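S.K.: next input, structure requested:
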Amino acid sequence: MKIENRATDYDSTGHTYSGYRRTDPQIASLVLRVLKNAKSVVNVGAGAGSYEPEDRYVAAVEPSYVMRSQRLANSKVPAINAKSDALPFDDNSFDASMAMLTIHHWDDILKGISEMKRVSKDRIVIMTYDPDELKKFWNIHYFPELIEIEKARYPKIELLQKYLDGSCKIIPVPIPLDCADGFQEAYYGRPEEFLKKEVRNSQSAWKFLPGGMEEVLVKRLEDDLKSGGWDKKFGHYRSEPFLNGALRLIISEL
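M.R.: From the prediction side, this is the model:
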């Protein structure tokens, strides 16, 4: 499947985004650890501000007006209206750059990473999904059409390593059962959350489905939850403390 336009129109659909896509403390501690001693950080595609370290100088870049407004409502630093492929900073302006679950929205991922390399002195930290590992999650049994879209949007890890010149460390990110961030894998033990429109609105892949398909996929899950079929097949996830799924941190030392 080919996705012609990766970007999501958050100005139209993202008005409740920050209510569901929040910083998860356990994931945040891992992000902070890999940022190491970076004292200045640029967050590219910063969204509503999840995972920005509170003890560092942070510059945020975010093209969506709605997302920038939610940052202000949540007492985050104001974001600069710019895109990843044209960062408005001088060379080597920051110790580190970060991009948290955003690169699949970028029109030109190579150019965006090149810009992160240009403005960073020490390291780049990217949180993304490994498209080859998306099949690990049970939602492939209910939303296979959605997973095909996800696979088409997320760049392969090997490609990102190439763009980052190959000197990368890849870290799997364990997802806690009570994960505060509302991406799909966050609800591995809380399947009923997918029945909420607001939850799905905070997960961009749903916007790429053909008209009417979203309702079909949700009904598949709803029917299996009502019949007990989901719990019979996947109920053990309700008590699993962590999911080791497809979420990854990529760290490139410059």
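
S.K.: could you find the closest non-adjacent residue to Glu222?
M.R.: Leu195 (5.7 Å; CB to CB, 6 or more residues apart in numbering). For every residue, glycine as well, the C-beta is placed using N, CA and C.

S.K.: how many neighbouring residues does the one you found have?
M.R.: The number of residues packed near Leu195 is 13, by other CB atoms under 10 Å.

S.K.: give me the pLDDT for it.
M.R.: We have a pLDDT of 98 for Leu195.

S.K.: going forward, begin numbering at 11 instead of 1
M.R.: Got it, first residue is 11 now, which makes that one Leu205.

S.K.: that one contacts Arg230, doesn't it?
M.R.: No: the pair Leu205 and Arg230 fails to qualify as a contact (CB atoms under 8 Å) at a distance of 11.2 Å.

S.K.: so which residue is smack in the middle of the chain?
M.R.: Against the mean C-alpha coordinate of the chain, by CA atoms, centre = their mean, the closest residue is Leu111 at 2.4 Å.

S.K.: what sits opposite the closest residue to it other than its chain neighbours in the beta ladder?
M.R.: Once flanking residues are discounted, Leu111 sits nearest to Met137: 5.4 Å by CB to CB, 6+ apart. In this entry, Met137 is beta-bridged to Met110, Leu259, by DSSP bridges.

S.K.: helices along the stretch 161-264 of the chain, start to end?
M.R.: Counting by DSSP state H, counting those that start in this stretch, the segments of the stretch 161-264 of the chain that form helices are 167-173, 207-211, 223-237, 239-244.

S.K.: gap between Ala69 and Ser79?
M.R.: Distance, Ala69 to Ser79, using CB to CB, to the nearest Å: 18 Å.

S.K.: for Lys127, give its distance to Lys121.
M.R.: On the measure of CB to CB, Lys127 and Lys121 end up 11 Å apart.

S.K.: first to last residue in stretch 155-170, what's the distance?
M.R.: Counting by CA to CA, to the nearest Å, you get 24 Å between the two ends of stretch 155-170.

S.K.: give me the contact list for that stretch.
M.R.: 11-13, 16, 113-114, 119, 123, 136, 138-142, 144-145, 149-150, 178, 180, 194, 215-216, 218-219, 223, 227, 258, 260 (CB atoms under 8 Å, 6 or more residues apart in numbering).

S.K.: restricted to strands, list those.
M.R.: Within those, residues falling in strands by DSSP state E are Ile136, Thr138, Tyr139, Cys178, Ile180, Arg258, Ile260.

S.K.: residues in contact with the first one?
M.R.: Same thing as Ile136. So Ile136 contacts Met108, Ala109, Ile113, Leu170, Leu259, Ile260, Ser262 (CB under 8 Å, 6+ apart).

S.K.: now, the most widely separated pair of those?
M.R.: Met108 and Leu170 (14.1 Å; CB to CB).

S.K.: the two: which is more packed in?
M.R.: Shown here are Met108 and Leu170; by other CB under 10 Å, Met108 has more neighbours (28 against 22).

S.K.: give me the pLDDT for the more buried one.
M.R.: If you check Met108, the pLDDT there is 98.

S.K.: which positions in the helix or strand Glu125 falls within come out as buried?
M.R.: Counting by DSSP states H and E, the element that carries Glu125 is helix 119-129. Buried residues in helix 119-129, defined by neighbour count with 16 or more other CB atoms under 10 Å: Ile119, Gly122, Ile123, Glu125, Met126, Lys127, Val129.
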